[in-house]
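**Q** I need the structure of the sequence given here:
(chains A and B)
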Amino acid sequence: DAGVTQSPTHLIKTRGQQVTLRCSPKSGHDTVSWYQQALGQGPQFIFQYYEEEERQRGNFPDRFSGHQFPNYSSELNVNALLLGDSALYLCASSGTSEVYEQYFGPGTRLTVT
Amino acid sequence: RKEVEQDPGPFNVPEGATVAFNCTYSNSASQSFFWYRQDCRKEPKLLMSVYSSGNEDGRFTAQLNRASQYISLLIRDSKLSDSATYLCVVNSLIFGTGTRLQVFP
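**A** Numbering: from 1, shown residues only, chains lettered A, B, ... in the order given. Next comes the predicted model:
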């Protein structure tokens, strides 16, 4: 039973560029949430997708956008990258029947130079 | 005031000690509460849910105090392998900054 997977594991981008991160949820899960975790901080909620729609959104600018596909996998897109976007980006999935318990992927470490 | 607040620590305790962490939350309407564990440079892993009546899982006990708006995690008989950052989560999506625990021999 595959857990949550994310790609790539590491990424280096330049200010102003755009980036796309990918996530496949745990088998049987249909809800995907994205988080940003800066060094020494807890994960900050970006948004959550369910049935291919953004269901909830945290306090992040419109430069952060996402998508969920019919197979429940998801993408996080960040435009016009800033140095402050450097962080670990975590994807978490949950099932409809256990929507409150989330399982995290290993994350994508993004460095913006 | 932050939505969820935790003492960042670190808490340095000897093996076998009992240690407790608290986490306060600001929204009195909050419904779901969890503790996650995060090892260095790894993803958070669900440790336990926190139920209104309190719950125990082996050496770990979680409690909820709605009147004072905090949740707690008690670890008994600490092991070296308990060294990690413990994150509290409110309403499934709001994480605290985490409390670092270091257990020494």
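**Q** flag every residue of chain A that's near chain B.
**A** Chain A has residues A:33, A:35, A:40-45, A:48, A:56, A:58, A:90, A:94, A:99-107 near chain B, with proximity defined as Cβ under 8 Å from any Cβ of the partner chain. Glycine gets a C-beta too; all of them are placed from N, C-alpha and C.
**Q** which phi and psi does A:D85 have?
**A** phi -80, psi -10 (degrees, to the nearest 10).
**Q** again but with A:H67, I slipped
**A** Main-chain dihedrals, A:H67, degrees, to the nearest 10: phi -160, psi 150.
**Q** my read is that it contacts A:E53, right?
**A** No - A:H67 lies out of contact with A:E53 (Cβ atoms under 8 Å); the separation is 10.1 Å.
**Q** of the two, which one has the most company?
**A** A:H67 (13 against 8; other Cβ atoms under 10 Å in any protein chain shown).
**Q** against chain B, how distant is the more buried one?
**A** 19 Å (Cβ to the nearest Cβ, to the nearest Å).
**Q** nearest spatial neighbour of that residue, skipping sequence neighbours?
**A** Sequence neighbours aside, A:E75 is the residue nearest to A:H67 in space, at 4.8 Å (criterion: Cβ to Cβ, 6 or more residues apart in numbering or on different chains).
**Q** ok, that neighbour - contacts?
**A** The neighbours of A:E75, taking Cβ atoms under 8 Å, 6 or more residues apart in numbering or on different chains as the test, are A:T20, A:L21, A:R22, A:C23, A:G66, A:H67, A:F69.
**Q** give me the beta-bridge partners of the nearest residue to the fourth one once chain neighbours are set aside?
**A** The spatial neighbour of A:C23 that comes closest, neighbours along the chain excluded (Cβ to Cβ, 6+ apart), is A:C91 at 3.4 Å. Applying DSSP bridges to A:C91 gives these bridge partners: A:W34.
**Q** tell me the predicted confidence for A:C91.
**A** A:C91 is assigned 97 on the pLDDT scale.
**Q** surely it and A:P106 touch.
**A** No - taking Cβ under 8 Å as the definition, A:C91 is not a contact partner of A:P106, at 9.2 Å.
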